[in-house]
Structure formats: structure tokens, C-alpha cells
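*Asks:* just to be clear, the model below is a prediction. Sequence and coordinates:
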Amino acid sequence: MARLLPLLVIALGLFFWYRSRRNAAARPGGAAGAASSSPGLSKEAAALGFLPQDRQDAERLMRDPQIDGAREAAERGAWEPAARALAAAGRDWERRTALVIALANVAAEEDAWLTAWQTAHPGDPGAAAVRARSTVFLAWELRGGSSAKETSAEQFEGFHRVLLRAREDIARAMELDAEDPSPYVSDLWAGLGLGYPHAYVDELWAEITTRAPFHFEAHYGALQYWCAKWHGSAELARDFADKAASGAPAGTLLPALRLIAFFEHLDRPLAARHYRTPEVTAMVDAVLADLPAVRPDHPRLAEVRHLLAFFLVQQKRHAEALEQFRLVDGCVGAMPWKYFGDAAKLYCDYRERAVQGAR
């Protein structure tokens with residue numbers, strides 16, 4: 001019995017310790033209660049005004065009243081707000097292309113509103129541009145997001161058939177507005193699936209840059225084409241990014257292309273050691289230096305901030321990362337988070353690393 005007494009004392013101690021911890025967690029503000037009610041949000045992050053994981057929108061890149069309003073109206077079946085928004089964008093090609101993309105995503109799911117728009121105004125170039133991009137989106141939906149070996153012959157057949165139809169819609173949009181680069185950008189994305197030869201893409205690129213030499217959305221699409229996973233290589237993608245960034249005026253976001261080309265060709269994109277070389281640090285610094293000149297309503301500014309936040313955390317530059325997280329919190333449908341299974345969780349994990357690292 002004497003031998004059992006120490007064990008009994010230890011067991012009783014553990015029991016009372018566990019019960020006190022359980023009761024504390026059950027009280028409002030208890031550690032476990034806070035974690036369960038706000039996943040992905042520490043007390044420090046909450047104090048800074050950050051949103052929990054379940055309030056991160058993984059489908060949206062940013063909030064923009066004009067784009068959101070036009071898209072939401074289209075989802076309700078009304079085309080008039082879309083037409084007004086595109087007319088208001090005028091020759092602002094970044095905003096026009098962003099509107100086309102947002103509306104095309106809706107039309108790829110349900111296009112009755114777009115059909116009604118084209119019936120009412122058969123020669124409307126805005127409607128034609130949305131139709132062209134929506135057909136490209138529809139083709140990619142038919143293919144699915146799996147690798148080639150996991151994609152069926154039926155999926156590939158539907159994919160290529162709809163992409164060929166998209167080329168007809170793209171040609172129509174080009175005819176209706178010869179100045180608008182957005183149909184040419186849509187053609188770049190059709191080319192990823194149809195395997196356009198390099199010479200054709202070079203010609204297509206000349207058409208785009210004649211119309212909008214520093215168009216970020218166009219550069220992003222072209223960079224994807226030149227990546228090794230599509231029709232180029234790591235070297236071609238990085239050469240393209242370097243050329244674009246080095247020749248761009250301040251405020252175009254084009255220095256971010258170097259970060260994208262680098263990220264796209266990592267075998268282990270979450271391994272921090274890849275990001276801590278002097279070369280990558282210089283790439284990040286160049287993007288940070290470009291930000292003050294970028295217009296605050298640039299449609300891709302939020303995505304570049306997300307990318308910067310990710311790179312800065314990997315470089316343990318936590319206070320600088322926190323500045324970027326503050327400006328994008330709530331919408332996480334952006335690179336790099338969207339490349340992984342649970343974008344909101346990964347975003348919150350990296351945000352928490354910045355919060356704790358900056359303390």
C-alpha cells in the first residue's frame with residue numbers, strides 16, 4: 001500500500017489539473033473556447049482586427065463595389081448594370097478586363113442574362129468580350145482541374161471542342177472593338193489549352209502590347225503560357241518576367257512577375273529556404289518599391305499584396321508582411337493560397353506567423 005501512495009497522489013493531481021483546465025476552457029474567453037469559436041484567429045490577431053478563418057472569402061480576390069455590383073446583378077439575371085459598368089470603364093484596360101473576367105465567370109455558370117444582353121444589343125463589344133472569355137472559362141470547367149493523366153478522353157474532347165468555339169467568339173469580340181486588348185488576353189488562355197505554337201503567341205503578344213504595353217492581366221496570362229507546366233520552361237518564363245519588369249514604368253505591378261515566375265517553378269513551394277537568397281530578396285524589394293506608385297484601385301493590387309505577404313513571411317520579415325495582411329484580410333482567392341487545398345487555412349497560418357513574429 002505504501003508503494004501505491006505516490007502513484008495515487010500523482011493521479012489525483014493530474015485529475016484536478018485536468019478538471020481546472022477543462023473548466024477554464026469552458027468559461028467565456030477560455031483558451032479552448034476562443035480557439036473553437038474563432039478558428040485560425042489568435043487573441044493577438046483578433047486584437048489587430050483580423051478576421052477568423054471562417055470569414056475569409058476563398059472565392060474572391062478583393063472587394064470592389066463596381067465589379068461586385070455588376071457581378072451580383074448578373075447573378076440575379078440582370079445585364080444592364082454590367083453594360084453600364086463596362087461603358088464607365090471606357091479605355092481603362094485593366095479595369096475593363098477585370099470586369100470582363102468577373103462577368104465571364106458568372107456567364108460560364110449561367111448565361112441567360114448574357115444571351116438577353118446580346119439579343120438586345122447584338123453589336124455590343126462589351127457583351128462580345130464577356131462571351132469570348134466565358135466560353136474559355138466553360139472549356140476549362142469541362143476539363144476540370146486534375147492532371148492530364150487523371151482527365152478522361154471525354155473531358156479532353158469537350159475541352160478542345162469548346163475552346164475551338166471560343167476562338168470564334170474571340171474573333172467576333174476583336175472585330176467589334178479593335179482597340180480592346182481583353183479578347184486578345186482571352187486568346188492567350190485559349191492558347192494554353194490548344195497548345196498555340198510560340199510563333200503565334202509572339203504575334204498575339206505584339207497585338208496586345210500595341211494596345212496596352214503594360215497591361216498586368218495580359219502579362220500574367222502570357223507568363224503562364226511560358227511556364228514549364230504549359231508550353232515553355234523555367235528559363236523562358238523568367239526571361240519573360242525579367243524583360244517585362246525591367247522595361248516597365250513605376251506603378252504597373254510588373255516587377256511582381258519575377259516573383260510569380262520564381263514561385264511557379266519551385267518543386268516545394270512551401271519550403272522557406274527557397275525564399276531567403278539575395279536574389280529573391282531583391283525581387284521582393286523591387287515589388288515593395290513599386291507599390292507607392294500603383295493606383296489604389298488596380299484590380300490586381302490585392303493579389304500582389306498576398307504574394308508579397310507570403311514571400312515576406314518566408315523571409316522572416318514579419319512586420320512588413322503584417323502590413324500587407326492588414327490590407328487584404330477577408331478575401332483570399334489569390335495566389336499563392338489558391339494553389340493549395342484550403343486557401344483560407346493556409347492564409348491564416350501564414351498570417352499568424354507574421355502576427356507572432358512581429359511581436
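*Replies:* Now that the structure is in, tell me what you want to look at.
*Asks:* list the buried residues for stretch 338-358?
*Replies:* Across stretch 338-358, burial judged by 16 or more other Cβ atoms under 10 Å covers 338, 343-348, 350-355, 358. C-beta coordinates here come from the backbone N, C-alpha and C atoms, glycine included.
*Asks:* among those, name the ones in helices.
*Replies:* Mapping the buried residues of stretch 338-358 onto helices (DSSP state H) picks out 343, 344, 345, 346, 347, 348, 350, 351, 352, 353, 354, 355.
*Asks:* thinking again about what came up before, make a markdown table out of the buried residues of stretch 338-358 and add distance to residue 197 and pLDDT.
*Replies:* As requested, these are exported to a markdown table (distance: Cβ to Cβ, whole Å; pLDDT from 0 to 100):
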| residue | distance to residue 197 | pLDDT |
| --- | --- | --- |
| 338 | 29 | 94 |
| 343 | 34 | 96 |
| 344 | 39 | 96 |
| 345 | 40 | 96 |
| 346 | 36 | 97 |
| 347 | 38 | 97 |
| 348 | 43 | 97 |
| 350 | 39 | 98 |
| 351 | 43 | 98 |
| 352 | 46 | 97 |
| 353 | 44 | 97 |
| 354 | 44 | 98 |
| 355 | 48 | 97 |
| 358 | 49 | 95 |
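*Asks:* that older thread, closest one to residue 268 out of the ones in helices among the buried residues of stretch 338-358, please.
*Replies:* Nearest to residue 268, judged by Cβ to Cβ, of these is residue 346 at 14.5 Å.
*Asks:* residues contacting that closest one?
*Replies:* Residue 346 is in contact with 337, 340, counting by Cβ atoms under 8 Å, 6 or more residues apart in numbering.
*Asks:* which two in the buried residues of stretch 338-358 are spaced the farthest apart?
*Replies:* 338 and 358, at 24.7 Å, using Cβ to Cβ across the buried residues of stretch 338-358.
*Asks:* and for residue 119, the neighbour number?
*Replies:* Look at residue 119: counted by other Cβ atoms under 10 Å, it has 10 neighbours.
*Asks:* now do the SS call for it.
*Replies:* helix (DSSP: H, G, I helix; E, B strand; the rest coil).
*Asks:* please apply the same query to the one 3 residues further on.
*Replies:* Secondary structure, three-state DSSP: residue 122 is coil.
*Asks:* distance of it from residue 271?
*Replies:* As defined by Cβ to Cβ, to the nearest Å, residue 122 lies at a distance of 53 Å from residue 271.
*Asks:* which helix or strand contains the closest residue to residue 288 other than its chain neighbours?
*Replies:* Of all residues not flanking residue 288 in the chain, residue 308 sits nearest, at 6.9 Å (Cβ to Cβ, 6 or more residues apart in numbering). According to DSSP states H and E, residue 308 maps onto helix 301-314.
*Asks:* output the contacting helices and strands for that helix.
*Replies:* helix 256-264, helix 278-290, helix 318-328, helix 343-357 (3 or more Cβ pairs under 8 Å, 6 or more residues apart in numbering; DSSP states H and E).
*Asks:* average model confidence for the second one?
*Replies:* In this case it means helix 278-290. When pLDDT is averaged over helix 278-290, the result is 98.
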